[in-house]
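*Asks:* sequence first, then the predicted structure:
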Amino acid sequence: MKNTILWLVLTLFLFSFQPKTPDPQPKSMSMELTNGRWFNGHTFEQRTVWVNNGVLSFTQGNIQNDTVIDLTGKYVIPPFAEAHNHNLESDYGLEKRIKAYLDNGVFYVKHLSSIKKRVDPLLHHYNKPTGLDVSWAHAPLTATGGHPVALRKRFLDYGYFDGLFNSLEEIESHGFFIVDTEEDLNRKWDQVLSFQPDFIKINLLYSEEYQKRKNDTAYFGQKGLDPNLVPKIVSKAHNDNLRVSAHVATAHDFHVAVTSGVDEIAHLPEIHNGKLISAKDAKLAKENEVVVVTTASLVTKNKKKPNYEQLLANIASNLKILKDAGVQIAIGSDMYNDTSAEEFKLLHSLKVFDNRELLKMWCENSATTTFPNRKIGFLKEGYDASFLVLNTNPLDSIEDINDQISLKVKQGTILP
């Protein structure tokens, strides 16, 4: 009865905590959290945890608490992340999209390409205790006529860039960088860095047919970089302490990316083609600590095709190849209306991973590939005091995990 009353008091406090106007610099709270079961990467341990100056502590020290919260045996996990999306560049419906992320317990988003000129006016929404934390690639590197040139042209024709650009030529070096030669790379590299990207995005598409597609306008938007340039790009990025994320389509793209030393594969390969990746390449990805982001939900664009079930089965097979090799897998959707929550549900339905593996993929791997230099993704001493409190044990039942969230804390700030 005592625990029930304490939880009711906390719930009433949460509702009263919501300010009428946003606090531009909210202060994190000092808390003592009792009777919670905290995820340690393997199981849940019951312990008392303290929050001070936005970080976690497992020893009380001299912390003066603003409040004591009885978690009444509930389950505490790190927040979720979306390791691949593009839906935070426009102000259209932005508040609704941010709310959807936070409502689902997704605190971190990796934005795989954007136009910095378009994003700059929106940055006040991000990277603060009450908002999403976002890492940015900005303009990706591609070849003449490669992805995402066709996509940018389409958006230009739709009028999405009115007031920013009048032609596709003006978008170049804002929405993409054309790199056809090593000379292009050297000449444009300082401009790439001028956007202050958090990581470098490169586009490899059908690299096994690079020569065939290179000058054929029939493949406009369906091609990418010269595979021979990829090691040179990776070397320049690493010299500037930037990780490289590679958009891939095929198993050969995966091979080129892994052997070239990229840090992340932005898509599971062969989502639309239905071929297997090489177990040897998967083993090399493990050895080189390459992270693979799932984006399996993209297969749903093929739902009306007769081979849809075969494509799903192939996705499961490729995920199992990666799992068996020990590759670190992160959850990202690349779906404009997703927050990685639907991607998680699809992965759960494939029955490749157990509940613990799925939890670690979404909480740990997705967060650390989004912000590799931050203390997030784990509930450890000195790490960000960012966590979710669940009503039920996700190791027992995980399919409705988003519905089980009863408390969200980000950097010591209780979210409504």
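*Replies:* Arrived safely, thanks for sending.
*Asks:* roughly how far does residue 65 sit from residue 386?
*Replies:* Residue 65 is 18 Å from residue 386, where distance means CB to CB, to the nearest Å. Just so you know, the C-beta spots here come from the backbone N, C-alpha and C atoms, and that holds for glycine as well.
*Asks:* same drill for those two, tell me which one is more crowded.
*Replies:* Taking other CB atoms under 10 Å, residue 65 and residue 386 do not tie; residue 386 has more neighbours (27 against 15).
*Asks:* correct me, but the more buried one touches residue 102?
*Replies:* No. Residue 386 lies out of contact with residue 102 (CB atoms under 8 Å); the separation is 11.5 Å.
*Asks:* any idea what residue 80 is bridged to?
*Replies:* Counting by DSSP bridges, residue 80 is bridged to residue 106.
*Asks:* give the contact list for it.
*Replies:* By CB atoms under 8 Å, 6 or more residues apart in numbering, the contact set of residue 80 is 104-108, 331, 340-341, 344, 362-363, 366-367, 388.
*Asks:* what about residue 194, neighbour count?
*Replies:* Residues lying near residue 194 (other CB under 10 Å) number 11.
*Asks:* and it, what's its pLDDT?
*Replies:* pLDDT, residue 194: 97.
*Asks:* gap between it and residue 139?
*Replies:* With distances taken as CB to CB, residue 194 is found 10 Å from residue 139.
*Asks:* could you do residue 112 as well?
*Replies:* The gap separating residue 112 from residue 139 is 11 Å, by CB to CB.
*Asks:* tell me how far stretch 307-326 is from the chain's mean position?
*Replies:* Computed by CA atoms, centre = their mean, to the nearest Å, the separation of stretch 307-326 from the middle of its chain amounts to 20 Å.
*Asks:* what sits up against it?
*Replies:* Contact with stretch 307-326 is made by 268-272, 274-277, 279, 282-283, 285-286, 292, 294, 296, 299, 302, 305, 329, 347, 350-353, 357, as judged by CB under 8 Å, 6+ apart.
*Asks:* residues in contact with the nearest residue to residue 207 once chain neighbours are set aside?
*Replies:* Nearest residue to residue 207, sequence neighbours excluded (CB to CB, 6 or more residues apart in numbering): residue 227, at 4.3 Å. Residues in contact with residue 227 (CB under 8 Å, 6+ apart) are 204, 207, 210, 256, 260.
*Asks:* these two touch, right, the last one and residue 235?
*Replies:* Meaning residue 260. No. Applying CB under 8 Å as the test, residue 260 and residue 235 come out as separate, 9.1 Å apart.
*Asks:* the two: which has the busier surroundings?
*Replies:* When neighbours are counted by other CB under 10 Å, residue 260 and residue 235 differ, and residue 260 comes out ahead with 21 against 12.
*Asks:* check contacts around that one.
*Replies:* For residue 260, the contacting residues are 227, 230-231, 234, by CB under 8 Å, 6+ apart.
*Asks:* run the last query once more with 6 Å
*Replies:* Counting by CB atoms under 6 Å, 6 or more residues apart in numbering, residue 260 touches 230-231, 234.
*Asks:* so which bits of stretch 345-363 are buried?
*Replies:* 345-347, 350, 352-353, 355, 358-363 (16 or more other CB atoms under 10 Å).
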